[in-house]
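Participant: Just to be clear, the model below is a prediction. Sequence and coordinates:
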Amino acid sequence: MELALAVIGGTGVYRLAALEDVQTRSFDTPYGPPSGPVRIGRLGDARVAFLARHGEGHALPPHRVNYRANLHALHQAGVRRVLALNTVGGITDAYGPRVLACPDQLIDYTWGRDSTFWDGEGEPLHVDFGQPYSPGLRSEVLAAAAGTGLELVDGGCYGATQGPRLETNAEIARMRRDGCDLVGMTGMPEAALARELGLEYACLAIVANWAAGCGDAAEITLDEVLANVAAASAGIPGLVRSLVNAS
């Protein structure tokens, strides 16, 4: 049975508890080791893969994640569709803590990351990236959420920053002027690498806190962030089950 979907887990999401009959696979890639093993299991009648982006013990900060190895490992596993879970901060009013969103645009503020599979041999890759998230998969994610009663904000612009530090008030103000609704550190180059491999790719953004200078602007603790992620993530297994078992 082919893999229906891969889920990449972000901060606070290190496993997909609903998976049954889980098998563990390790992959060597031309780009080095991925963040950890790929866990492949059954969700209803479908087979689903899971990979923890930061490692299952969260050992890797955003700028040290081997995005190329992660995507290549999933591609080697036979994955053709990827749902990325990204823990983010909210910038605009509709994207407060504990909100789930399925963005349709992004702006890349990262630097120095390996952002393409092209390493100087052959023709350079110039993928069409006007719509960074696959419209077809986004539509399926939104329909799955609606079918399970899970509230999900449709659209928004994800601003990908370098990290690992959080942003200044002025940086977030600039991002708001640029049109960003969400800020995170792992959205790129992951989305672009998926496009280079021909994978369908969509983002499920989990809002853990207000970004600097936004909302109530109160300083938030790690415990609060993780509590918000846990609360917002509670319905994700049901969404994924609906997504992969849709007729």
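Facilitator: Structure received. Predicted model only: the values in this text are computed from it and were never measured.
Participant: just the helices in the protein please.
Facilitator: With DSSP state H as the definition, the chain shows helices at residue ranges 67-77, 135-148, 169-178, 190-196, 222-233, 236-244.
Participant: What residues sit buried inside the third one?
Facilitator: Along helix 169-178, these residues count as buried under the neighbour rule (16 or more other C-beta atoms under 10 Å): 171-173, 175-176. For the C-beta atoms, the positions are set from N, CA and C on the backbone; glycine is no exception.
Participant: looking at this protein, which residue lies furthest from center?
Facilitator: residue 122 (29.6 Å; C-alpha atoms, centre = their mean).
Participant: ok, so what distance separates that residue from residue 116?
Facilitator: Applying C-beta to C-beta, to the nearest Å, the value for residue 122 to residue 116 is 12 Å.
Participant: Then residue 90?
Facilitator: 30 Å.
Participant: More neighbours: the two, which one.
Facilitator: Per other C-beta atoms under 10 Å, whichever of residue 90 and residue 116 has more neighbours is residue 90, with 25 against 15.
Participant: For that one, give me its contacts.
Facilitator: If you count contacts by C-beta atoms under 8 Å, 6 or more residues apart in numbering, residue 90 has them with 96-97, 99, 181-182, 207, 209-211, 214-215.
Participant: count of neighbours near the spatially closest residue to residue 75 that is not a sequence neighbour?
Facilitator: Closest residue to residue 75 apart from its sequence neighbours, by C-beta to C-beta, 6 or more residues apart in numbering: residue 197 at 5.1 Å. Each residue near residue 197 was counted by other C-beta under 10 Å, and the total is 17.
Participant: Pop out the phi and psi values for residue 197.
Facilitator: Backbone torsions for residue 197, taken as degrees, to the nearest 10, come to phi -90, psi 0.
Participant: I figured it hits residue 127, correct?
Facilitator: No - counting by C-beta atoms under 8 Å, residue 197 sits too far from residue 127 to count as a contact (9.6 Å).
Participant: Now do residue 179 against residue 156, distance only.
Facilitator: With distances taken as C-beta to C-beta, residue 179 is found 10 Å from residue 156.
Participant: more neighbours, these two?
Facilitator: Under the criterion of other C-beta under 10 Å, the comparison of residue 179 against residue 156 puts residue 156 first, with 24 against 13.
Participant: For that one, give me its contacts.
Facilitator: Remark: with contacts taken as C-beta under 8 Å, 6+ apart, residue 156 is in contact with 92, 94-95, 101-105, 181-182, 205.
Participant: Looking at the residues you listed, which is nearest residue 152?
Facilitator: Proximity of these to residue 152, judged by C-beta to C-beta, is greatest for residue 102, which lies at 5.7 Å.
Participant: Give me the distance from stretch 96-114 to the chain's centre.
Facilitator: Between the centre of stretch 96-114 and the centre of its chain there are 8 Å (C-alpha atoms, centre = their mean, to the nearest Å).
Participant: Equivalent analysis for stretch 28-38, please.
Facilitator: Stretch 28-38 has its C-alpha centroid displaced from the chain centroid by 18 Å (C-alpha atoms, centre = their mean).
Participant: picking that back up, can you pull the residues that touch both of residue 179 and residue 156?
Facilitator: The contact lists of residue 179 and residue 156 share residue 105, where a contact means C-beta under 8 Å, 6+ apart.
Participant: re earlier: turn the contacts of residue 90 into TSV, including distance to residue 44, neighbour count and pLDDT.
Facilitator: Converted to TSV, the contacts of residue 90 look like this (distance: C-beta to C-beta, whole Å; neighbours: other C-beta atoms under 10 Å; pLDDT from 0 to 100):
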residue	distance to residue 44	neighbour count	pLDDT
96	32	15	95
97	30	21	94
99	26	20	96
181	32	25	98
182	30	28	98
207	28	29	96
209	33	24	93
210	36	19	95
211	36	29	95
214	38	21	93
215	37	17	86
